[in-house]
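Enquirer: Sequence and predicted structure, then a few things I'm wondering about:
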Amino acid sequence: MRVAYGRVPRDSFVVPIVDAHVHLYPPDLNRDPIGWAASHSETHWAILCTRRRKDGRGVQTFPSIDELLHSMDAAGISHAVLQGWYWQWPETCEWQNRFYAECVRAHPDRLSAFATFNPAAGRDATLAEIQRAHDDGLIGIGELSPHSQGYDVGDPIFAEALELAADLRLPVNLHVTDADSGDYPGKVLTPARDFIWLTRQFPRTTFILSHWGALLPMHDEEAENLINVFYDTSASPLLYDATIWRRFLEIVPEERVLFGSDYPLNLYPKLDIEPSLLRLVEEAKASGIDSDIFGANARRLLRLPKRA
């Protein structure tokens, strides 16, 4: 049976909800995503984000900033963290970073943002971009994917970027895929040992592994003791059933988990025509997880205002 989901007042929850994993794009991309991707040679993004399901519907929508804020209000989400994309080209990274800085300046009470980069820009340009993003008010780095962007996790420019992120107190969000969670067009495998190596190699850097970190700590005991690693719940319903909220917390301390959606990806394509943030909130609440996962953990880690 399809459940009707309406608007929920923002103050109806005990704690303000923070969505730590949201994507947003400038109007020129939203107007023609396929054409934009072709003209900017962002082929991998196009495969992932503009493809259509068997029923002809897109895997996601391309909302404006106002539509994002409306969706947040409908789900009782007070604050969202915009994640950059793991673009193939440095110029696209810079373009999205500038857009995100504008979004944050326009809505500082509702939005924060992470910056993205690609080491293909070269050492000086990469480090300068990170510094500029920090100066523009962006609060983290990501979502990055060395495996998708075409560089090794041991890349020396990437290494310097991670050290600079630590110096600037910018957490780094990494895209992680689970080899056992099903295949889809554009999926790139991300070897689990690479993330363990990174977190050991850069102990001063704080990492956020997206998509439950592909359940890394549930499969590798070494990952249970990584003190500089957090996990977000982005795209959860597309990857795992609703029991994951409790099963994961049997292994990982709740203070290391951040609520994240991966909006505007449609997480419930069999139930919803449009993405529903509220449905994910309700799934998480129904699991009985600790309320800090909904917001307090992100506010502490990202140094957000208490009422963000």
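Expert: That came through fine.
Enquirer: what's around residue 154, how many residues?
Expert: Other residues near residue 154 come to 12 when the count uses other Cβ atoms under 10 Å. Glycine gets a C-beta too; all of them are placed from N, C-alpha and C.
Enquirer: And residue 184, by the same measure?
Expert: So residue 184, with other Cβ under 10 Å, has 12 neighbours.
Enquirer: For this protein, which helix extends over the most residues?
Expert: helix 90-106 (DSSP state H).
Enquirer: Summarise which helices and strands whatever helix or strand comes next after that one is packed against.
Expert: Moving toward the C-terminus from helix 90-106, the next helix or strand (DSSP states H and E) is strand 111-115. Judged by 3 or more Cβ pairs under 8 Å, 6 or more residues apart in numbering; DSSP states H and E, strand 111-115 is in contact with strand 77-82, helix 90-106, helix 123-135, strand 140-144.
Enquirer: wait, which of those is closest to residue 221?
Expert: Nearest of those to residue 221, taken as Cβ to Cβ: strand 140-144 at 25.8 Å.
Enquirer: Check which strands are paired with that closest one and give the direction for each one.
Expert: If you go by DSSP bridges, strand 140-144 pairs up with strand 111-115 (parallel), strand 172-174 (parallel).
Enquirer: which stretch among the ones you listed comes nearest residue 223?
Expert: strand 172-174 (13.2 Å).
Enquirer: So the nearest residue to residue 25 once chain neighbours are set aside: helix, strand or coil?
Expert: Nearest non-adjacent residue to residue 25, counting by Cβ to Cβ, 6 or more residues apart in numbering: residue 62, 6.1 Å away. For residue 62, the secondary structure call by DSSP: H, G, I helix; E, B strand; the rest coil comes out as coil.
Enquirer: what separates residue 62 from residue 109, distance-wise?
Expert: To residue 109, residue 62 is 24 Å away according to Cβ to Cβ, to the nearest Å.
Enquirer: where's the residue lying closest to residue 248 once chain neighbours are set aside relative to residue 303, distance?
Expert: Excluding the flanking residues, the one nearest residue 248 by Cβ to Cβ, 6+ apart is residue 212, at 6.0 Å. Note on residue 212: its distance to residue 303, by Cβ to Cβ, is 24 Å.
Enquirer: before we move on, what about residue 22?
Expert: Taken as Cβ to Cβ, the span from residue 22 to residue 303 is 18 Å.
Enquirer: Specify which residue of these two has the higher count of neighbours.
Expert: For residue 22 and residue 303, the more surrounded residue by other Cβ under 10 Å is residue 22, and the numbers stand at 26 against 12.
Enquirer: show me the contacts for the more buried one.
Expert: Neighbour list for residue 22: 68, 80, 81, 82, 83, 260, 261, 262, 263, 264 [criterion: Cβ atoms under 8 Å, 6 or more residues apart in numbering].
Enquirer: Let's see that with 6 Å instead.
Expert: 80, 82, 263 (Cβ atoms under 6 Å, 6 or more residues apart in numbering).
Enquirer: same thing with residue 198?
Expert: Residue 198 neighbours (Cβ under 6 Å, 6+ apart): residue 153.
Enquirer: can I assume it sits in a strand?
Expert: No - counting by three-state DSSP, residue 198 is located in no strand; its state is helix.
Enquirer: Tell me the pLDDT of it.
Expert: As predicted, residue 198 sits at a pLDDT of 97.
Enquirer: secondary structure class for residue 86?
Expert: Relying on three-state DSSP, one would call residue 86 coil.
Enquirer: That one and residue 146 touch, don't they?
Expert: No - using Cβ atoms under 6 Å, residue 86 is not in contact with residue 146, being 8.3 Å away.
Enquirer: Looking at those two, which one has more neighbours?
Expert: Neighbours were counted for residue 86 and for residue 146 using other Cβ under 10 Å; residue 86 has more, 25 against 21.
Enquirer: Report how many residues lie close to residue 26.
Expert: 17.
Enquirer: With residue 27 instead?
Expert: Residue 27 is flanked by 10 other residues according to other Cβ under 10 Å.
Enquirer: Would you map the strands across this protein?
Expert: Ranges of strands in the chain, per DSSP state E, are 17-22, 77-82, 111-115, 140-144, 172-174, 207-209, 229-232, 257-258.
Enquirer: can you list these in CSV and add mean pLDDT?
Expert: Listed next are the strands of the chain as CSV, based on pLDDT from 0 to 100:
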stretch, mean pLDDT
strand 17-22, 98
strand 77-82, 98
strand 111-115, 98
strand 140-144, 98
strand 172-174, 98
strand 207-209, 98
strand 229-232, 98
strand 257-258, 98
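Enquirer: Between those strands, which one is closest to residue 218.
Expert: Closest among the strands of the chain, using Cβ to Cβ: strand 229-232, at 10.7 Å.
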